[in-house]
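*Asks:* Take this sequence and fold it.
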Amino acid sequence: MAEQQRPYIVVTRRVPQPALDALTEHAELRIWEEDVPIPRETLLEWIPGADGLYCLLTDTVDAEVLDAAGPGLKVVSQMAVGYDNIDVAACTARGIPVGHTPGVLTETTADLTLALMLATARRLCEAVEYVRAGKWVTWRPMELTGPDLYGSTVGIIGMGRIGQAVARRLRGFDCRLLYHQRKPVPEAEALGAVYTDLPRLLEESDFVTLHVPLTDDTRHLINREALARMKPTAILINTARGPVVDQAALLDALREGQIAAAGLDVTDPEPLPPDDPLLALPNVVVLPHIGSASIQTRTRMAQMAADNLLAGLRGERLPHCVNPEVYG
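*Replies:* Below is the predicted model:
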């Protein structure tokens with residue numbers, strides 16, 4: 001009897017080795033080895049005949065890719081919590097389950113959120129450059145001063161897993177916590193967070209931190225009107241998705257002193273070009289989307305995505321499925 005052919009998987013980037021080892025046990029892999037996103041034409045060239053697709057946020061998985069794969073594609077598994085780069089409806093129409101990695105990066109992203117709050121408020125990046133430029137000649141009473149996070153009012157937009165993790169950390173800073181989303185969250189009361197509407201949150205908060213997914217409703221949620229409501233001493237933090245903020249409006253608000261500073265782990269577009277005017281401002285900290293970038297978290301994300309993919313190859317329900325309706 002002929003040996004059964006092993007499944008064929010396209011992996012769009014080299015990910016942590018434990019995940020690749022798990023996949024290699026059960027399938028033949030074709031991995032894009034460059035540390036940049038796989039070119040569109042390469043993905044379309046590789047995907048025909050694939051049984052599984054292991055992808056990243058940087059890959060657009062749409063009807064064209066799914067059609068190129070053919071009817072044998074059993075599963076799309078993404079090493080990320082978000083999936084706005086995937087046409088989930090097109091996958092569902094073809095009976096293809098889509099996997100993602102929820103929950104795994106909650107605490108790591110919450111840590112980074114507080115790091116951005118402290119970095120922007122205490123002007124850490126400016127201070128580092130100040131020392132390197134030889135400007136540190138003596139102690140000056142008001143040199144490089146900024147606001148305290150301790151005892152401040154923090155507005156959390158989006159009180160899901162990450163928003164709650166941020167709130168837990170801020171209790172140690174004795175912050176007054178406001179939050180906003182579509183409806184109150186029962187867990188928020190135990191954290192001392194007060195539900196309010198968006199205008200009040202923007203008007204009263206010293207820090208506004210964003211923890212919402214990117215949807216039609218949240219795209220440019222922080223626009224010119226929203227920024228105009230914020231205090232001139234307020235700081236905006238975004239570790240969610242870049243397009244949640246109208247970046248042109250943010251640039252103007254920062255230049256004009258409408259708000260004090262911004263700490264961004266996400267931008268629009270990504271990557272942000274090095275000549276982007278936002279990067280020329282001293283009151284902005286921009287990071288290259290490293291919210292989940294701890295060794296433990298990234299490795300766990302990769303393994304979760306591998307688990308999803310292998311379940312899909314076996315015809316089993318994905319442990320973390322975006323579109324469970326494919327199971328009828």
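
*Asks:* residue contacts, residue 197?
*Replies:* residue 180 (Cβ atoms under 8 Å, 6 or more residues apart in numbering). Yep, even glycine has a C-beta here, placed from its N, CA and C like the rest.

*Asks:* This protein: helices as residue ranges?
*Replies:* Taking DSSP state H to define them, one finds helices in the chain at 17-24, 40-46, 63-69, 88-93, 106-121, 124-132, 161-171, 186-190, 198-204, 224-229, 247-255, 295-313.

*Asks:* quick one: which of those helices is nearest residue 279?
*Replies:* Ranking the helices of the chain by proximity to residue 279 (Cβ to Cβ) places helix 247-255 first, at 10.3 Å.

*Asks:* got JSON lines for the helices of the chain, with mean neighbour count, distance to residue 180 and mean pLDDT too?
*Replies:* Formatted as JSON lines, the helices of the chain follow (neighbours: other Cβ atoms under 10 Å; distance: least, Cβ to Cβ, whole Å; pLDDT from 0 to 100):
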{"stretch": "helix 17-24", "mean neighbour count": "16", "distance to residue 180": "37", "mean pLDDT": "97"}
{"stretch": "helix 40-46", "mean neighbour count": "15", "distance to residue 180": "38", "mean pLDDT": "98"}
{"stretch": "helix 63-69", "mean neighbour count": "18", "distance to residue 180": "35", "mean pLDDT": "98"}
{"stretch": "helix 88-93", "mean neighbour count": "17", "distance to residue 180": "26", "mean pLDDT": "98"}
{"stretch": "helix 106-121", "mean neighbour count": "22", "distance to residue 180": "16", "mean pLDDT": "97"}
{"stretch": "helix 124-132", "mean neighbour count": "13", "distance to residue 180": "28", "mean pLDDT": "96"}
{"stretch": "helix 161-171", "mean neighbour count": "22", "distance to residue 180": "10", "mean pLDDT": "97"}
{"stretch": "helix 186-190", "mean neighbour count": "12", "distance to residue 180": "10", "mean pLDDT": "94"}
{"stretch": "helix 198-204", "mean neighbour count": "17", "distance to residue 180": "5", "mean pLDDT": "98"}
{"stretch": "helix 224-229", "mean neighbour count": "17", "distance to residue 180": "11", "mean pLDDT": "98"}
{"stretch": "helix 247-255", "mean neighbour count": "18", "distance to residue 180": "19", "mean pLDDT": "98"}
{"stretch": "helix 295-313", "mean neighbour count": "21", "distance to residue 180": "27", "mean pLDDT": "97"}
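
*Asks:* Now render those helices as JSON lines, adding distance to residue 152.
*Replies:* Formatted as JSON lines, the helices of the chain follow (distance: least, Cβ to Cβ, whole Å):
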{"stretch": "helix 17-24", "distance to residue 152": "40"}
{"stretch": "helix 40-46", "distance to residue 152": "45"}
{"stretch": "helix 63-69", "distance to residue 152": "46"}
{"stretch": "helix 88-93", "distance to residue 152": "38"}
{"stretch": "helix 106-121", "distance to residue 152": "8"}
{"stretch": "helix 124-132", "distance to residue 152": "17"}
{"stretch": "helix 161-171", "distance to residue 152": "9"}
{"stretch": "helix 186-190", "distance to residue 152": "18"}
{"stretch": "helix 198-204", "distance to residue 152": "11"}
{"stretch": "helix 224-229", "distance to residue 152": "17"}
{"stretch": "helix 247-255", "distance to residue 152": "19"}
{"stretch": "helix 295-313", "distance to residue 152": "27"}
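
*Asks:* closest one to residue 216 among those helices?
*Replies:* Ranking those by proximity to residue 216 (Cβ to Cβ) places helix 88-93 first, at 13.6 Å.
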